[in-house]
Every structure is written in structure tokens, then in C-alpha cells.
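**Student:** Dropping the sequence and predicted coords here.
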Amino acid sequence: QVQLVESGGGLVQPGGSLRLSCVVSGRIFSINSMGWHRQAPGKQRELVAAITSGGSTNYADSVKGRFTISRDNAKNTMYLQMNSLKPEDTAVYYCNAAITTYRSGWFRDDYWGQGTQVTVSS
């Protein structure tokens, strides 16, 4: 069974930093693209940043220059370094990954973590 587990969320003051981690576990063949999404109260879930298996990245305009996405393929782990945090960054952050598994056949599915709360407030 594939699991994605996020960690690193919390309460931080405006201008502060946090580093989120997402660890993938289970019987996987490969992890393809990965991404961080967030959902604030009363708003739709939005893509924050994404990274391919080769390391190419893209970011939402609202976080460019402040957030950095990275991954350690040897550890099946993805990170989101968040600097210069603003109150509008407050949300539940979810990791997502496209993962290939073999279960009597090859399957590529999207998996999601349970989310970690990030609150930016003074």
C-alpha cells in the first residue's frame, strides 16, 4: 500500500520560514512527478509547486522567489522550503505524487497525503 506522509507544518510569524517534507512509502516501482498543493478555508485547492523526476520545477506566481521545491529520489522524499511567509500562505498543504506500481499489471496513479497545517500569524 502506497502512503504519502507530510510533516513540518506549524505556526510561524510573518516573514518566517518552514520546511515541509513528504515521504513516500510502500511497494512502488517509480515516483514520477510530485507536487505541493494547498487549500485555505473557503477556497479551492491550488497547486503551489511541482517537480518532475528529472528535477524540473514550476511554481505558482504567488510563491515564486519565496518557496523552493526539491526531492531526494534515494529517500523517496520531497521538500518545500518556504521563506518570507505571509498570512495569505496560511492553508493546509498537501503533497501529491504520480506513482507507478505493479499489481498484476502496471499502474500509474495519483496519490495524496493527509495534509499538514501551515499558519502564518503574529
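**Tutor:** Nice, thanks for sending it over.

**Student:** rest of the way, CA atoms for contacts and neighbours
**Tutor:** Will do.

**Student:** Flag every buried residue along the strand ranked longest in the chain.
**Tutor:** If each strand of the chain is counted by residues according to DSSP state E, the longest one is strand 91-102. Residues of strand 91-102 classed as buried: 91, 92, 93, 94, 95, 96, 97, 98, 99, 100, 101 (neighbour count, 16 or more other CA atoms under 10 Å).

**Student:** And for the helix or strand bottoming out on mean pLDDT in the chain, what's in contact with it?
**Tutor:** Taking mean pLDDT, DSSP states H and E as the measure, the chain has strand 106-112 as its least confident helix or strand, at a mean of 93. Among residues not part of strand 106-112, those counted as contacts by CA atoms under 8 Å, 6 or more residues apart in numbering are 2, 3, 4, 94, 95, 96, 97, 98, 99, 100, 101.

**Student:** contacting residues for residue 63?
**Tutor:** Counted by CA under 8 Å, 6+ apart, residue 63 has contacts residue 48.

**Student:** Surely it forms part of a helix?
**Tutor:** No: using DSSP: H, G, I helix; E, B strand; the rest coil, the secondary structure at residue 63 is coil, not a helix.

**Student:** ok, it to residue 48 distance?
**Tutor:** Distance from residue 63 to residue 48, counting by CA to CA, to the nearest Å: 7 Å.

**Student:** what sits in contact with each of those two?
**Tutor:** With CA under 8 Å, 6+ apart, residue 63 and residue 48 have no common neighbours.

**Student:** returning to that earlier point: need the buried residues of strand 91-102 in JSON lines with pLDDT and distance to residue 72, can you?
**Tutor:** Compiled in JSON lines, the buried residues of strand 91-102 are given as follows (pLDDT from 0 to 100; distance: CA to CA, whole Å):
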{"residue": "91", "pLDDT": "98", "distance to residue 72": "25"}
{"residue": "92", "pLDDT": "98", "distance to residue 72": "23"}
{"residue": "93", "pLDDT": "98", "distance to residue 72": "19"}
{"residue": "94", "pLDDT": "98", "distance to residue 72": "18"}
{"residue": "95", "pLDDT": "98", "distance to residue 72": "14"}
{"residue": "96", "pLDDT": "98", "distance to residue 72": "15"}
{"residue": "97", "pLDDT": "97", "distance to residue 72": "13"}
{"residue": "98", "pLDDT": "97", "distance to residue 72": "15"}
{"residue": "99", "pLDDT": "95", "distance to residue 72": "15"}
{"residue": "100", "pLDDT": "92", "distance to residue 72": "17"}
{"residue": "101", "pLDDT": "91", "distance to residue 72": "19"}
